[in-house]
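Q: sequence first, predicted model second:
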Amino acid sequence: MRFAIIICVTLLLGLYATQAHALNGEQLLDGLRIAENPVTQSSLQAGLSVGFVSGVASVANSAGTLCASSTLSAQQMAAVVKKYLEDNPATWNLPADSSVIQALQIAFPCPRNRR
């Protein structure tokens, strides 16, 4: 199931490559706020935003730069990133992928003795 989600996210991000490349923290936060609202959570922007967070987290976990639990849902990771962005408006102009990684590294730090 997780593999299917990763494939779907990868395909969606590929379709929107130019938008994803230019996505900044403020745009991601807008999408995550839409995803939080039960009325609008099924919109394309909401799905892309939550999927973006999930995809970046998956790649960062695989690369060893992130130690988030594999049991975290996409919605849980999105909530962490949303709170980070709301608490750090100075990061809104930065690339969204770096904000996702930073937020999740703060929330789920790697053990010090990890190799």
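A: It's in.

Q: contacting residues around stretch 72-89?
A: The contact list for stretch 72-89 (CB atoms under 8 Å, 6 or more residues apart in numbering) reads 5, 25-26, 28-29, 32-33, 35-36, 49-51, 53-54, 57, 68, 91-92, 99-100, 102-104, 106-108. C-beta here means a position set from N, CA and C on the backbone, and glycine is covered the same way.

Q: among these, name the buried ones.
A: Burial by neighbour count, judged by 16 or more other CB atoms under 10 Å, picks out 25, 28-29, 32-33, 35-36, 49-51, 53-54, 57, 68, 91-92, 99-100, 102-104, 107-108 from the contacts of stretch 72-89.

Q: average pLDDT across stretch 85-97?
A: Averaging pLDDT along stretch 85-97 yields 96.

Q: got the buried residues for it?
A: 85, 91-92, 95-97.

Q: show me those residues that map onto helices.
A: 85, 96-97 (DSSP state H).

Q: show me the strands in this structure, by range?
A: With DSSP state E, there are no strands along the chain.

Q: what about the helices in it?
A: 2-15, 17-21, 25-36, 44-63, 74-87, 96-107.

Q: hmm, back to that, mind telling me the two of the buried residues of stretch 85-97 farthest from one another?
A: Across the buried residues of stretch 85-97, the two members that end up farthest from each other (CB to CB) are Trp92 and Asp97, 13.8 Å apart.

Q: could you pull up the mean pLDDT of stretch 68-78?
A: 91.

Q: restricting to C-alpha, output it in CSV.
A: Extracted C-alpha coordinates of stretch 68-78, given in CSV (Å, rounded to 0.1, in the frame of the first residue of the first chain):
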residue,chain,number,x,y,z
ALA,A,68,10.2,9.8,11.1
SER,A,69,8.4,6.6,12.0
SER,A,70,7.0,4.6,9.2
THR,A,71,3.7,4.4,11.1
LEU,A,72,3.1,8.2,10.7
SER,A,73,0.2,8.9,8.4
ALA,A,74,0.4,11.5,5.6
GLN,A,75,-2.1,13.6,7.5
GLN,A,76,0.1,13.5,10.7
MET,A,77,3.2,14.6,8.8
ALA,A,78,1.2,17.4,7.1
